[in-house]
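Participant: just need the structure, nothing else, for what follows:
(chains A and B)
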Amino acid sequence: MKLSILHLIYQTSIFYWIGKHISPKTLFHICRGIVSLSIRFNPHTKRYLEPLRSVLAPHINGERLRNIAEMHLVYRRYLDNLPYAWRQWSLNGRYIFRAEGEEHVREALAQGRGVILLSSHNFGVTRLIPSVMSRLGHRVIRVGAWDRQEIIRRWGSEAERAWEQLHLGADAWARLRVAKQIAKALRENSLVFMSIWNRSSGSPAQAVRFFNQRFFIDATTMKLCAELKAPVLPCFALCDDKGEINLIIHAPLTGAVSEMSESYCKLLSRYLTDYPEFCRFWKPLLQKREQW
Amino acid sequence: MSPQDIEKKLVKLCSDGRHKSAASGKIGLFVGENDVFDSVTALSLILAIEEEFKITVEDEEIQPKNFGNLEALVQFVDGKLKNR
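Facilitator: Here you go, the predicted structure:
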C-alpha cells in the first residue's frame, strides 16, 4: 500500500466513513492541492515528468507543457483513487459521469449479437467504463488480467460493482476458455468491455502516431473482436476539470480486421494528441517496452 | 455418425482456411503460423465445431486432452454425440 492520505482514507476501514463523505469535487480539489505542492517541492515528481516533457517539449509551448504536466499529475492521482472512491459514492448514491454516444450501444444491441466496447489500456479513465455502463443499466462483462480477489479488493464484491469479470488466466488454454465465455456472453446479447494493450512493434495497420512517436496496438485483441462478429464500439473515458467523467462511445468499427485496426488507431491517435494529459505510458513508450 | 465420418468432417473444418496445418493431425490443432498457440484461431475452430455437430463445448472441456490433436478431438466429438 502506498503511503498517502488518500490511500489511507479509501483503503482502510477505519477511515471508511470519511471517504464516504468526500464528494467527487472535493476529492478532485484535494488532488489538485497535493499536486501543486508536489510539482514544486518533490524531486521525484520532477523526475517522473521527464519522459512526458521530453516527448512534448519539441511540439508545444512552455505554458501549455506546464499545464499538461500538472493536469497529468492531477488526473493520475484522482483516477488512481477513483475506483475506491466510486465504490463508496455508489453505495452512497452519488454518481459523477455523463455518456455521449450511448445510442450506438442501443442500436448495436438491437441487432442481438452483443456489443464489444473497446478502449485503450493506460489512457483516460478506462477502469471506470464498466461501472458507468452498469449504472446506465447494461449487463457488463469486463475482460481483464486481474483475478477475482484483486477485483474484490479494488471494486468490492459482485453485488457492489454490478458488472462481471472474466479473468484472462495464466496460460493459453485459460485464455481460450475466456474467449469462449466472451462468445457465449455476446450470444446472450451482453456488453463486453475490453481494453487493448499497446506494443512497441507491430504492422502498419496497427500503428498509432502522436507527437512524432509511434507505437502499435495489440493485434490479437482486434483479431479476436473480428472473430466474435459482434459490433465493436471504440470508447474513451476522460475527466473534466471538476472531476466529472465523460464517456464517449463511437460508432461501430467496420470492414476487415486491418480496416478496423486502422480506424481505431486513427481515433486513438486523435485522442492522444488532443488529450495527452490522460496518457499513462510515457516511460514505457520511450523505453520501447514490449507491451504496456 | 461413425468416428471416421466425424474425422472427415473435422478434417474438412480444419482444412478450411487457417486450420490447414492441423488437418494432417500430426501437429497441435491450435498452432498458428509461427508455431505458437493461436487462441483466436482456436476459438474459431471450436465455434465451427459447435455449429457443425450441433454440440456445446463446455468451458472445462477446453483442454489439451480434448483438443490437443485431431485424434483427441475425434474422440471428444464422438463422446459428445453419443451422450447427447
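Participant: got phi/psi on the nearest residue in space to residue A:201 that is not next to it in sequence?
Facilitator: Nearest-residue entry for residue A:201: residue A:216, 6.1 Å, with adjacent residues in sequence omitted and distances by C-beta to C-beta, 6 or more residues apart in numbering or on different chains. Quick note: C-beta positions are derived from backbone N, CA and C, even for glycine. Main-chain torsions, residue A:216, degrees, to the nearest 10: phi -130, psi 150.
Participant: show me what residue A:216 is bridged to.
Facilitator: residue A:199, residue A:207 (DSSP bridges).
Participant: count of residues packed around it?
Facilitator: By other C-beta atoms under 10 Å in any protein chain shown, the residues close to residue A:216 number 20.
Participant: do the same with the one 3 residues further on
Facilitator: Counted by other C-beta under 10 Å, the residues lying close to residue A:219 total 18.
Participant: and for residue B:57?
Facilitator: Neighbour count for residue B:57, taken as other C-beta under 10 Å: 19.
Participant: report the contact partners of it.
Facilitator: Neighbouring residues of residue B:57 by C-beta atoms under 8 Å, 6 or more residues apart in numbering or on different chains: A:180, B:46, B:49-50, B:80.
Participant: same thing but at 10 Å, please
Facilitator: Each residue near residue B:57 by C-beta atoms under 10 Å, 6 or more residues apart in numbering or on different chains is listed here: A:177, A:180, B:46-47, B:49-50, B:66-67, B:76-77, B:80.
Participant: among these, name the buried ones.
Facilitator: Burial by neighbour count, judged by 16 or more other C-beta atoms under 10 Å in any protein chain shown, picks out A:177, A:180, B:46-47, B:49, B:66-67, B:76-77, B:80 from those.
Participant: pick out the lowest-pLDDT one from those residues.
Facilitator: Among the buried ones among the contacts of residue B:57, residue B:67 carries the weakest pLDDT, at 84.
Participant: and the gap between it and chain A?
Facilitator: Counting by C-beta to the nearest C-beta, to the nearest Å, the gap from residue B:67 to chain A is 8 Å.
Participant: and the helix or strand hosting residue B:50, what does it pack against?
Facilitator: Per DSSP states H and E: residue B:50 is located in helix B:39-53. Using 3 or more C-beta pairs under 10 Å, 6 or more residues apart in numbering or on different chains; DSSP states H and E, the elements in contact with helix B:39-53 are helix A:172-187, helix A:219-228, helix B:3-15, helix B:64-67, helix B:70-82.
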